[in-house]
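Enquirer: sequence-free structure coming up:
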């Protein structure tokens, strides 16, 4: 049952029995990876697109590194354990997952800071142009950073926000565009932007492109160099399972490393940071985009997740992602019809990332009722129930049970319990 066409045939046949779903898991080449993650028994975790599960090896590894590296090694561990170099060494391990080469990826700071750094660098590489292009459906924090960059440093440049579709984005890219900055997989709908086509058109107009891979890397294959991408950014706490506050990453194509400059000229980006020279000289490598001291413990957690990804076949990962999301949509439409749910994600699996969004007028309450039943997804305003399907630890049986629990909540209207209407700070 590994082939997506065979899988689709079973879905279309209407032969969706529990025994069939169990067979899907039995044939899953990625099934054994679930054993690498520490998830509570009985919990169906459909929020790995927001915060990935913890690899089982993390606690023991962190404990050892804290005792040996901090308690005993103290300052010697910067050299002795290679901690100072981790932004680059782990970046080099991450590079093949995004179609990059060693020396093009740096693990550092947050996605917002990395977008700030790469956007300022890209604008300076295209002087005299009058606009930056993004889209109205982009992740708000990305758009906030764009406004901040333009308002504070480039007031002569306008931000053009296209409608949330490829064609309108393309129509907004002109010879006056300095930079196009987009998210590859939409955080609400899961829709995949056509990276190769948009990048090509931007280059034809003389613009540079920055892609946010936050909802891509770790769930979908991506090849930045094949698409001739200029810059990319993203976080490592979602599908990459780096944990709360894990370091983000940035990609700078090798052809731009000489010209691209980091505006946040902190000491770690200096060519000789430990010479402590008063005059700033940027590093010649991608390390010029370092700024301050890295938070090493978060790197250590991510290191254990990368040990897992070293063994993953990304073609199988993508195929299972499409299978899981398609199964969920099919079961929802068979089992939960008539309860007011609407599909908010693309129906075509080729155009959909690894999460599925549904809308409902009482989306918040329904999601809280699901969470109370140990099915964890998340909510996005104003009315979106979002379900992330992480191929490494989500099973087909998980999908089956989650839909049946959702049906029970809708059928019995248990979501109407007043406790489920209380809003929390983090959604």
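Expert: In hand now; what should we look at? Source: prediction; values computed, not measured.

Enquirer: list the contacts of the spatially closest residue to residue 308 that is not a sequence neighbour.
Expert: Nearest non-adjacent residue to residue 308, counting by CB to CB, 6 or more residues apart in numbering: residue 36, 5.2 Å away. Any C-beta I mention is one placed from the backbone N, CA and C, and that applies to glycine too. Residue 36 makes contact with 55-57, 308, 392-393 under the criterion CB atoms under 8 Å, 6 or more residues apart in numbering.

Enquirer: and the pLDDT at residue 8?
Expert: pLDDT for residue 8: 68.

Enquirer: let me have the contacts of residue 36 in TSV, extended by distance to residue 242, pLDDT and neighbour count.
Expert: Formatted as TSV, the contacts of residue 36 follow (distance: CB to CB, whole Å; pLDDT from 0 to 100; neighbours: other CB atoms under 10 Å):
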residue	distance to residue 242	pLDDT	neighbour count
55	10	98	24
56	15	98	15
57	13	98	17
308	12	98	18
392	14	98	26
393	15	98	23
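
Enquirer: take those and keep only those in helices.
Expert: Judged by DSSP state H, the contacts of residue 36 include residue 308 as members of helices.

Enquirer: for the contacts of residue 36, which one is nearest residue 427?
Expert: residue 393 (22.5 Å; CB to CB).

Enquirer: go ahead and confirm the closest one touches residue 47.
Expert: No: at 11.7 Å, residue 393 and residue 47 do not qualify as touching, with contact defined as CB atoms under 8 Å.

Enquirer: output the longest strand belonging to this structure.
Expert: Determined from DSSP state E, the single longest strand within the chain is strand 177-183.

Enquirer: quick one, the very next helix or strand once past it and strand 177-183 angle?
Expert: Beyond strand 177-183 on the C-terminal side, the first helix or strand identified by DSSP states H and E is helix 195-204. If you take axes from the mean of the first three to the mean of the last three CA atoms, to 10 degrees, helix 195-204 sits at 170 degrees to strand 177-183.

Enquirer: how about helix 195-204: buried residues?
Expert: For helix 195-204, the neighbour count (16 or more other CB atoms under 10 Å) marks 195, 198-199, 201-203 as buried.

Enquirer: try stretch 288-308
Expert: Neighbour-count burial for stretch 288-308 [16+ other CB under 10 Å]: 288-291, 294, 296, 298-306, 308.

Enquirer: ok, now stretch 259-275?
Expert: Neighbour-count burial for stretch 259-275 [16+ other CB under 10 Å]: 260, 262-264, 268-270.

Enquirer: picking that back up, in strands, which of the contacts of residue 36 appear?
Expert: Using DSSP E, the contacts of residue 36 in strands are residue 55.

Enquirer: ok, the contacts of residue 36 vs residue 418, which is closest?
Expert: Of the contacts of residue 36, the one sitting nearest to residue 418 (CB to CB) turns out to be residue 393, at 33.5 Å.

Enquirer: residues in contact with the closest one?
Expert: 33-34, 36-37, 39, 45, 48, 53.

Enquirer: need the residues you listed in TSV (columns: secondary structure, distance to residue 208 and pLDDT).
Expert: As requested, the contacts of residue 393 are arranged in TSV below (DSSP: H, G, I helix; E, B strand; the rest coil; distance: CB to CB, whole Å; pLDDT from 0 to 100):
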residue	secondary structure	distance to residue 208	pLDDT
33	helix	37	98
34	helix	40	98
36	helix	38	98
37	strand	38	98
39	coil	41	97
45	strand	38	98
48	coil	31	96
53	coil	36	98
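
Enquirer: can you redo those as TSV, where the extra columns are distance to residue 356?
Expert: Compiled in TSV, the contacts of residue 393 are given as follows (distance: CB to CB, whole Å):
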residue	distance to residue 356
33	21
34	20
36	24
37	21
39	20
45	15
48	13
53	18
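
Enquirer: for those residues, pick the one with the most neighbours.
Expert: For the contacts of residue 393, neighbours were counted using other CB atoms under 10 Å, and residue 48 has the most, 26 neighbours in all.

Enquirer: name the element the residue nearest to it when sequence neighbours are not counted belongs to?
Expert: Leaving out its chain neighbours, the residue that sits closest to residue 48 by CB to CB, 6+ apart is residue 390, at 3.4 Å. Using DSSP H and E, residue 390 sits in no helix or strand.

Enquirer: sec struct for residue 134, please.
Expert: strand (DSSP: H, G, I helix; E, B strand; the rest coil).

Enquirer: mind listing what it touches?
Expert: Contacts of residue 134 (CB under 8 Å, 6+ apart): 142-143, 146, 159-162, 180-182.

Enquirer: can you rerun that using 7 Å?
Expert: Contacts for residue 134 (CB atoms under 7 Å, 6 or more residues apart in numbering) come out as 143, 146, 159, 161, 181-182.

Enquirer: which two among these are spaced furthest apart?
Expert: Those two in these that are separated most widely, counting by CB to CB, are 159 and 182, at 12.8 Å.

Enquirer: more neighbours: the two, which one.
Expert: residue 182 (24 against 16).

Enquirer: closest to residue 232 among the buried residues of helix 195-204?
Expert: Distances from residue 232 to those, taken by CB to CB, are shortest for residue 195, at 9.6 Å.

Enquirer: quick check: the closest one touching residue 182?
Expert: No: the criterion here is CB atoms under 7 Å, and residue 195 misses it with residue 182 at 8.6 Å.

Enquirer: hey, what's in contact with both of these two?
Expert: residue 211.

Enquirer: now do the buried residues in stretch 157-170.
Expert: 157, 159-162, 164, 166, 169-170.

Enquirer: report the secondary structure state of the nearest residue to residue 148 once chain neighbours are set aside.
Expert: For residue 148, ignoring the flanking residues on the chain, the nearest one in space by CB to CB, 6+ apart is residue 116 at 7.4 Å. The local conformation at residue 116, judged by three-state DSSP, is helix.

Enquirer: look at residue 116 and report its pLDDT.
Expert: 98.

Enquirer: that one contacts residue 149, correct?
Expert: Yes: the pair residue 116 and residue 149 passes the contact test of CB under 7 Å, sitting 6.2 Å apart.
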